[in-house]
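K.L.:
predicted model follows, preceded by the sequence.
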Amino acid sequence: MTTPNQPPDPRIAWGRPPGTPAPQNAPSPAAPPRPSVPPRPAAPFRPAAPPRPVPPRPAFPPRPTVPPAAATAAKPPPAGATALVEDALKSWRQVARKEPLIVIAIVAAAVGVANVPGMYQAASNWRARISGDLDKPANQTMRGLQTDSGKDWIADDQEAFARAVDDFVRQLETCRKYAEACGGAVESVAKAYTSYWTALGDMAVAILPAFLTLWALQRVPYPPTSIGARIAATALALGVIAAVGNLVYGLTQFLSAAKNIMSTLLAGGAVLQLRNLKPSGASAIAFKDAKIDWSPPSTYKEPRRTSPSPYGG
């Protein structure tokens with residue numbers, strides 16, 4: 001027991017009697033509070049940076065529309081067809097300088113000299129221009145006339161006009177297919193000539209090294225070698241002439257068949273037999289017997305039309 005003037009016993013302050021050992025897991029006295037950290041000074045005010053100017057995007061001009069005439073323009077010939085004949089003949093002339101007998105093959109091959117690029121151009125004109133112009137522009141025009149005629153035309157012959165337009169559109173489609181068939185026939189002939197001259201050019205490139213070798217061996221001052229090279233060159237030249245003859249024969253056979261097809265399409269050889277489109281028989285028009293009455297009618301006559309039956313009748 002303590003007196004008023006005596007300091008308290010620390011053991012009694014912790015709640016245990018004097019002489020009692022302190023527990024091992026006793027909590028340590030509370031630590032004094034840490035001084036509070038002074039607040040950080042506020043950052044100075046910075047005005048917001050102005051937005052970065054964005055340059056305007058360049059305005060691209062609108063894509064030009066392709067007019068109908070340009071859309072159906074003729075296509076150029078395929079690559080390599082322009083100088084196909086000239087390149088093949090140039091290769092054959094190089095071979096002929098080493099072997100004179102090759103001149104016979106060149107003369108035989110010259111039968112197939114033709115304007116191959118012009119053939120492709122003509123075929124493209126038939127397909128792109130003639131057939132293209134007869135396809136959508138003509139059909140749209142006639143269908144527009146047929147639609148407009150049904151708006152204000154109240155006479156009975158408007159239906160006959162509509163039927164005539166339908167028949168004309170069908171005939172126009174037949175004519176368009178005819179033009180497309182002509183273009184296909186011309187293009188097939190152009191492809192045949194292209195294959196012919198391509199084969200001749202490849203043959204000349206293939207045999208040129210052999211003739212160069214035999215030509216050099218003929219200059220060797222040893223008779224067995226030079227004579228043997230001469231015989232080999234002659235035999236090779238004869239074989240080349242026979243191969244060129246087979247190519248010429250195949251081309252002529254194809255052209256004969258193509259001639260029959262073209263004569264059938266062109267009806268006797270004319271470019272366009274327009275007289276075949278002239279109506280005949282019951283559809284023939286006798287212009288001499290036609291009479292036109294120019295006097296105006298005295299009174300207005302309402303067109304004949306089917307009246308509805310009375311209600312309930």
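P.N.:
It's in. Residues are numbered from 1 along each chain as shown.
K.L.:
in this structure, which helix or strand is least confident?
P.N.:
The helix or strand of the chain with the lowest confidence, counting by mean pLDDT, DSSP states H and E, is helix 68-71 at a mean of 42.
K.L.:
in the stretch 151-300 of the chain, where is pLDDT below threshold?
P.N.:
265-287, 289-300 (pLDDT under 70).
K.L.:
how about the helices of it, start to end?
P.N.:
Taking DSSP state H, counting those that start in this stretch as the test, the helices found in the stretch 151-300 of the chain are 157-217, 223-265.
K.L.:
dump these into TSV; add mean neighbour count and distance to Thr147 as well.
P.N.:
Every C-beta, even on glycine, is put in place using the N, C-alpha and C of the backbone. TSV is the format used below for the helices of the stretch 151-300 of the chain (neighbours: other C-beta atoms under 10 Å; distance: least, C-beta to C-beta, whole Å):
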stretch	mean neighbour count	distance to Thr147
helix 157-217	17	9
helix 223-265	14	34
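K.L.:
which among the ones you listed is found nearest to Ala105?
P.N.:
Evaluated with C-beta to C-beta, the helices of the stretch 151-300 of the chain place helix 223-265 nearest to Ala105, the distance being 4.3 Å.
K.L.:
and the closest one, what does it pack against?
P.N.:
helix 102-109, helix 157-217 (3 or more C-beta pairs under 8 Å, 6 or more residues apart in numbering; DSSP states H and E).
K.L.:
what's the shortest one packed up against?
P.N.:
Judged by 3+ C-beta pairs under 8 Å, 6+ apart, helix 102-109 is in contact with helix 84-96, helix 223-265.
K.L.:
run the last query once more with 10 Å
P.N.:
Using 3 or more C-beta pairs under 10 Å, 6 or more residues apart in numbering; DSSP states H and E, the elements in contact with helix 102-109 are helix 84-96, helix 157-217, helix 223-265.
K.L.:
and it, which residues are buried?
P.N.:
102, 104-106, 109 (16 or more other C-beta atoms under 10 Å).
K.L.:
Thr264 is nearest to which of the helices and strands packed on helix 223-265?
P.N.:
helix 157-217 (9.4 Å).
K.L.:
give me the element Tyr120 is part of.
P.N.:
Take DSSP states H and E as the rule and Tyr120 turns out to sit in helix 116-124.
K.L.:
list the buried residues for that helix?
P.N.:
Quick answer for helix 116-124 (16+ other C-beta under 10 Å): 116-117, 119-124.
K.L.:
between those, which is nearest Pro224?
P.N.:
Distances from Pro224 to these, taken by C-beta to C-beta, are shortest for Val116, at 46.3 Å.
K.L.:
any idea how far the closest one is from Ala192?
P.N.:
Val116 is 10 Å from Ala192, where distance means C-beta to C-beta, to the nearest Å.
K.L.:
how about Asn260?
P.N.:
14 Å.
K.L.:
wait, what's in contact with Gln218?
P.N.:
Going by C-beta atoms under 10 Å, 6 or more residues apart in numbering, Gln218 touches 98, 225-230, 232-233.
K.L.:
now these as TSV including distance to Phe161?
P.N.:
Formatted as TSV, the contacts of Gln218 follow (distance: C-beta to C-beta, whole Å):
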residue	distance to Phe161
Lys98	75
Thr225	90
Ser226	88
Ile227	89
Gly228	87
Ala229	84
Arg230	83
Ala232	80
Ala233	78
